[in-house]
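Enquirer: The following comprises the amino acid sequence and a computationally predicted model.
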Amino acid sequence: MTLVSEVSSGKHESVDPVMSIRGINKGFGAVQALTDISLDIYPGEVVALVGDNGAGKSTLVKILAGVHPQDSGTITFHDKLVSIPTPAASRALGIATVFQDLALCDNLDVVSNLFLGREIGTIALNEVEMESRSWELLRQLSAKIPSVRIPVASLSGGQRQTVAIARSLIGEPSIVILDEPTAALGVAQTAEVLNLIERLRERGHGVLLISHNLADVQAVADRVVVLRLGRNNGEFRVADVSYEDIIAAITGATDNVVTRREAAVRAQTEEKNK
Amino acid sequence: MTQTPTVPMDSPPAPSDLQDERLIRPTGARDTFTAQIKRIRTGDLGSLPVIVGLVIIFVIFQILNNAFLGPQNLSDLLVGATSIGVTAIGIVLVLLLGQIDLSVGSMAGLSSAIFGVLLTQAHWPEWVIVVVALAAGALVGLLYGFLFVRFGVPSFVITLAGLLALLGAQLALLGASGTINIPFTTGLVAFSLLDYVPSWLAYVLAVIAAGGYLWSSLSRSRKRTKAGLSSPGPTGTLVKAAILLVALGAIIAYLNTGGNTAGVGDSFVMFVILIVIMNYVLTRTRWGRSVYAVGGNVEAARRAGIKVNRVYIVVFVLTSTFAALGGLLYAGHLGSAGLDSGSGDYNLDAIAAAVIGGTSLFGGRGSAWSALLGILVIWSISNGLSLLSLDSSVRFMITGGVLLLAVIVDSLSRRSRAAAGRA
Ligand SMILES: Nc1ncnc2c1ncn2[C@@H]1O[C@H](COP(=O)(O)OP(=O)(O)O)[C@@H](O)[C@H]1O
Ligand SMILES: [Mg+2]
């Protein structure tokens, strides 16, 4: 029974994934950073991408964000084969990436940061419209920002993360990619950001969450995809998997669910072939 | 009663920007005042230190020589401040990007040489020469911008090289003749030295300024209220507009008591209009927003899709063009274009004016108005000391001290902003 539930597609048989990637390879000189990676993201689903340092998580994110192209493999977005040569192309497809360093302008206020690069208004900026939209968005996210007219430098780490995530939603993306959003945060602020991720799921965005923190992953993710040494090393529904099993998949301990599952699948096919 | 609702049921809903319970919001005039004090104490100084400094300077020089605040001297002071002030607008722009242009003095010198030579030797029409000089400025700025974005050379190195090269061009142009006298009959001299705006026009401009302020504030309040956002009541706006009108009217009336050779100079009016335009562009347009963004965090601006290189290039072009305009006004005000036009303290005065006026050396913070406030400080010191017949040695030392003070205030306020969470 546990073996079946590990297979992810169970819940989604009727829904098409927003994005499917298949057989992605990426090398940097002598280093093969990613080998034959596959991953699906469905609307309204939080997928956690976990793996040890150097597993290739950031490389995969950068491919999806258009920072550098894959060597081979396909990316399908809304059933169409796409290429993502530039960050702008990634954004145009509807992929919003929140990098770990947030990229906020400390000297500008919250509204200016939210709308940076896509301000409303023809010649003069329409500050009123932008401010109303900011409040609307922040309220939808149940974000705790005391004022949108203060420079973002005066916000706490969690609030800054909130602004960065809210900003990614301005273009109504289908997928939001968050690279280590809680890495630098305290307990309360982490809770704030995890709440925010739940809101993203409720709004129907597909979320790809890169995290080192398995407690966070278990708190918000629906599915966990494990990378190890640049390869897929297991995929679990969070509801059905134990902490130890994820750890085992990350570290590559030989006796873990993945090896057990592979053994079971092999046994099954051998059964059929008989 | 078990629960005490904080808001009575029948009161209208709070504006959507004031609903967070942790927001400290002023409710009365007293609170507004204390909020202002708090802002200042936490390092958000705005233009307060400059204005206080200006008042102190005025008082001291008036005590030392009671001609200082006379209408004639004040008129001269404003007109004299204009050429370097216009140059300082350009410095504000580069500083907002966190860059610098050290060659504005040489650019101004070159542009005054161009004017002198083309007027007295080539006999071109004046307006053509003005266009040529401004175009020369734009071209130099374009070159700086190109070198900066293409090779990533620090702007202070590029413009230091420019300082020398442009000085060379100025000397070559003036050639053996050295100093060229510009006849007092030329329009440029009239504009930048002799002519004062007719008093009726000055009053009309004051009314337009106050009315424009009133109209834009009220229409913004109206839009905010309509969108369900908080807005200040009309009383404060009305009071401020009235104060502005009375103050401007009083200044004009006072300057006009000086007779025919006093008043508000043509070029000074242009200076203020340029500042109003640049202030609008910086604070209310997409391009202005991108200037502040690049100055605050280039990488963030780039990732937000701002064409960062274009912002740099346009700003370098504007800075050199403002310097060229400053040079023209300088030549007109002096009635000559010489080897030493734009040399000496011109450069440093322009940079010091922007910084003293409150534009940060660290990028991303400042306003077009700091060009006006800063140059008034510098020029008042310079004018006051020359009234006392003290020579330039004292003036240099005092201006240097004031610049140092301004930079210290800038650094300190940056530090206390960081401590108070306003960095
Ligand atoms: N730009 C690059 N040039 C060379 N090697 C790289 C580059 N980016 C990543 N790598 C290599 O690819 C591998 C995966 O790195 P990364 O994706 O950053 O891992 P993770 O984010 O999971 O810690 C590492 O071995 C790393 O050294
Ligand atoms: Mg990484």
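Expert: The structure has been received and is ready for your questions. These figures come from a predicted structure and were not determined experimentally. Ligands and ions are numbered 1, 2, ... in the order given.
Enquirer: list the contacts for A:Val217?
Expert: Shown in contact with A:Val217 (CB atoms under 8 Å, 6 or more residues apart in numbering or on different chains): A:48, A:50, A:209, A:211, A:224, A:238, A:246. Using the backbone N, CA and C atoms, a C-beta is placed for each residue, glycine as well.
Enquirer: Next: B:Asp266.
Expert: By CB under 8 Å, 6+ apart, the contact list for B:Asp266 reads B:190-192, B:195-197.
Enquirer: Name the SS class of A:Asn53, please.
Expert: Secondary structure assignment for A:Asn53 (DSSP: H, G, I helix; E, B strand; the rest coil): coil.
Enquirer: and A:Ser142, what are its phi and psi?
Expert: phi 50, psi 40 (degrees, to the nearest 10).
Enquirer: okay, now it: neighbour count?
Expert: Using other CB atoms under 10 Å in any protein chain shown, A:Ser142 has 12 neighbouring residues.
Enquirer: separation between it and chain B?
Expert: Distance, A:Ser142 to chain B, by CB to the nearest CB, to the nearest Å: 11 Å.
Enquirer: I figured that residue hits A:Arg199, correct?
Expert: Yes: the pair A:Ser142 / A:Arg199 is scored as a contact, 6.2 Å apart, by CB atoms under 8 Å.
Enquirer: looking at the contacts of B:Asp266, which has the most residues close by?
Expert: Most surrounded of the contacts of B:Asp266: other CB under 10 Å gives B:Ser192, at 26 neighbours.
Enquirer: Run a quick check on it versus B:His333, I expect a contact.
Expert: Yes: using CB under 8 Å, B:Ser192 is in contact with B:His333, at 4.7 Å.
Enquirer: Out of the contacts of A:Val217, flag the one nearest to B:Lys240.
Expert: A:Leu209 (49.5 Å; CB to CB).
Enquirer: So which bits of chain A are right by chain B?
Expert: A:87-88, A:91, A:99, A:101-108, A:112, A:116-119, A:121, A:123-125, A:127-129, A:131-132, A:135-136, A:139, A:144-151, A:153-155 (CB under 8 Å from any CB of the partner chain).
Enquirer: Which ones among those residues lie within helices?
Expert: A:87-88, A:91, A:112, A:127-129, A:131-132, A:135-136, A:139 (DSSP state H).
Enquirer: Would you reformat those residues as CSV and include distance to ligand 1?
Expert: Below are these laid out as CSV (distance: CB to the nearest ligand atom, whole Å):
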residue, distance to ligand 1
A:Pro87, 16
A:Ala88, 20
A:Arg91, 21
A:Ser112, 31
A:Glu127, 39
A:Val128, 42
A:Glu129, 39
A:Glu131, 37
A:Ser132, 38
A:Trp135, 35
A:Glu136, 34
A:Arg139, 34
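Enquirer: are any of these buried, and which?
Expert: Buried members of those, counted by 16 or more other CB atoms under 10 Å in any protein chain shown: A:87, A:91, A:112, A:127-128, A:131-132, A:135.
Enquirer: Show me the shaky parts of chain B.
Expert: B:1-16, B:18-46, B:417-423 (pLDDT under 70).
Enquirer: Pop the domain breakdown of it in here.
Expert: B:49-195+B:287-405, B:196-264 (automatic domain parsing).
Enquirer: First-to-last residue distance for the first one?
Expert: Separation of the first and last residues of domain B:49-195+B:287-405 by CA to CA, to the nearest Å is 10 Å.
Enquirer: Tell me the spacing between B:Ile180 and ligand 1.
Expert: 59 Å (CB to the nearest ligand atom, to the nearest Å).
Enquirer: Test my guess that that residue contacts B:Gly338.
Expert: Yes: between B:Ile180 and B:Gly338 there is a contact under CB under 8 Å: 7.3 Å.
Enquirer: Now the common contact residues for the two.
Expert: The contact lists of B:Ile180 and B:Gly338 share B:Leu174, where a contact means CB under 8 Å, 6+ apart.
Enquirer: Name the nearest of the contacts of A:Val217 relative to chain B.
Expert: A:Leu209 (20.0 Å; CB to the nearest CB).
Enquirer: Where does the spatially most central residue of chain B sit, in terms of helix or strand?
Expert: Compute the mean C-alpha point of chain B, and by CA atoms, centre = their mean the closest residue is B:Ala371, 2.1 Å away. Under the criterion of DSSP states H and E, B:Ala371 resides in helix B:369-387.
Enquirer: Mind giving me the packing neighbours of that helix?
Expert: helix B:48-64, helix B:71-96, helix B:266-284, helix B:346-356, helix B:392-419 (3 or more CB pairs under 8 Å, 6 or more residues apart in numbering or on different chains; DSSP states H and E).
Enquirer: among the buried ones among the ones in helices among the residues of chain A next to chain B, which two are most distant?
Expert: A:Pro87 and A:Val128 (30.0 Å).
Enquirer: what about whatever residue of chain A ends up closest to chain B, distance to ligand 1?
Expert: Chain A approaches chain B most closely through A:Gly117 (3.3 Å), counting by CB to the nearest CB. From A:Gly117 over to ligand 1 the distance is 25 Å, taken as CB to the nearest ligand atom.
Enquirer: in chain A, which residue is closest to the centre?
Expert: A:Leu208 (1.7 Å).
Enquirer: looking at it, that residue is touching A:Ile175, isn't it?
Expert: Yes: if you go by CB under 8 Å, A:Leu208 and A:Ile175 touch, sitting 6.5 Å apart.
Enquirer: Find residues that contact each of these two.
Expert: What both A:Leu208 and A:Ile175 touch, as defined by CB under 8 Å, 6+ apart, is the set A:41, A:64.
Enquirer: Show me chain A divided up by domain.
Expert: A:10-94+A:173-272, A:106-170.
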